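**Q** here is a sequence together with a model predicted from it:
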Amino acid sequence: MSPDDVMEEALVSQSDGQDIRPGELLVPEDTYLTSGVHIGTQQKSASMRRFVYKVRFDGLHVLDIRETDRRIRIAAKFLASFPPEKVLAVSQRQYGQKPVRVFAKAVGAVSYSERFVPGCLTNPNLAEYYEPKVLVVTDPATDQQALSEAVSIGIPVVGLCDVNNETRNVDLVIPANNKGRVALATVYWLLSREVLKARGGPSAEAPFALSIDDFQAAL
């Protein structure tokens, strides 16, 4: 078991069963299904096999939405344990850029969308230099530069991982469609809401003001 697997196992074990009733999801199941959060790719990496629920007739792998839901909860509690300004979220994927920006604004984090300048986390001489305590990547493949710099400075990484992603160096995997416009908006909306809840924020009396539409990138 790699160091990343050990950390992930510890985080998941600590959160197992907490605040989750049998069969309960953060949103109605239809919200996950209509947004396509569960629809993966035809290609499957060995490290993502454990999150696959089934394979569709067209060869697309379907993710287990209950595991996605559970890990959004776990990731939210983990991220809420850091000072907001020390959380960095990145996305070089087009449809992930707006969700990342809205997520960062909602929870008080920092976002680097579009191009990640090499050295942002490792070169103090750069104007863009920043010292986060934790990194959220939208796709470990397209956000590889940020991921590798996070590894080099020894900070944990939370990653949205599709079926084809390699999860090496991702400390906490959120299995999800990380390519779809509505899917990304849904995951970041939930992550924002749950981070704020974990800090004692939105409740039934004062619900989260933003909607999934607020996180969606334009077509």
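**A** Looks like it came in fine.
**Q** Lys105: what's it in contact with?
**A** Neighbour list for Lys105: Ser111 [criterion: Cβ atoms under 8 Å, 6 or more residues apart in numbering]. Just so you know, the C-beta spots here come from the backbone N, C-alpha and C atoms, and that holds for glycine as well.
**Q** and the pLDDT for the residue lying farthest from the centre of the chain?
**A** For the chain, the largest distance from the centre (Cα atoms, centre = their mean) belongs to Asn125, which lies 29.3 Å off. The confidence metric pLDDT takes the value 96 at Asn125.
**Q** what's around Ser152, how many residues?
**A** A count of neighbours around Ser152, defined by other Cβ atoms under 10 Å, yields 10.
**Q** does it count as helix, strand or coil?
**A** At Ser152, secondary structure determined by DSSP: H, G, I helix; E, B strand; the rest coil is helix.
**Q** how about it: what's its closest non-neighbour residue?
**A** Thr122 (6.1 Å; Cβ to Cβ, 6 or more residues apart in numbering).
**Q** residues near the one you found, how many?
**A** Thr122: 14 neighbours (other Cβ under 10 Å).
**Q** contact partners for it?
**A** 149, 152-153.
**Q** how near is the residue farthest from the centre of the chain to Val151?
**A** The spacing between Asn125 and Val151, counted by Cβ to Cβ, to the nearest Å, is 21 Å.
**Q** remind me, longest helix of this structure?
**A** For the chain, the longest helix by residue count, based on DSSP state H, is helix 181-198.
**Q** which strands and helices sit next to whichever helix or strand comes after that helix?
**A** Where DSSP states H and E defines the elements, the next helix or strand beyond helix 181-198 is helix 212-215. Helices and strands touching helix 212-215, by 3 or more Cβ pairs under 8 Å, 6 or more residues apart in numbering; DSSP states H and E, are helix 94-107, helix 181-198.
**Q** name the residues that touch helix 212-215?
**A** The contact list for helix 212-215 (Cβ under 8 Å, 6+ apart) reads 31, 35, 98-99, 102-103, 182, 184-186, 188-189, 192.
**Q** so which of those residues comes closest to Lys44?
**A** Nearest to Lys44 among the contacts of helix 212-215: Leu184, at 20.1 Å, using Cβ to Cβ.
**Q** roughly how far apart are the closest one and Phe103?
**A** Using Cβ to Cβ, one obtains 10 Å as the distance from Leu184 to Phe103.
**Q** the more surrounded of the two?
**A** Leu184 (32 against 29).
**Q** mind checking how far the more buried one is from Ser91?
**A** From Leu184 to Ser91 the distance is 8 Å (Cβ to Cβ).
**Q** shared neighbours of those two, which are they?
**A** Contacts common to Leu184 and Ser91, judged by Cβ under 8 Å, 6+ apart, are 99, 138.
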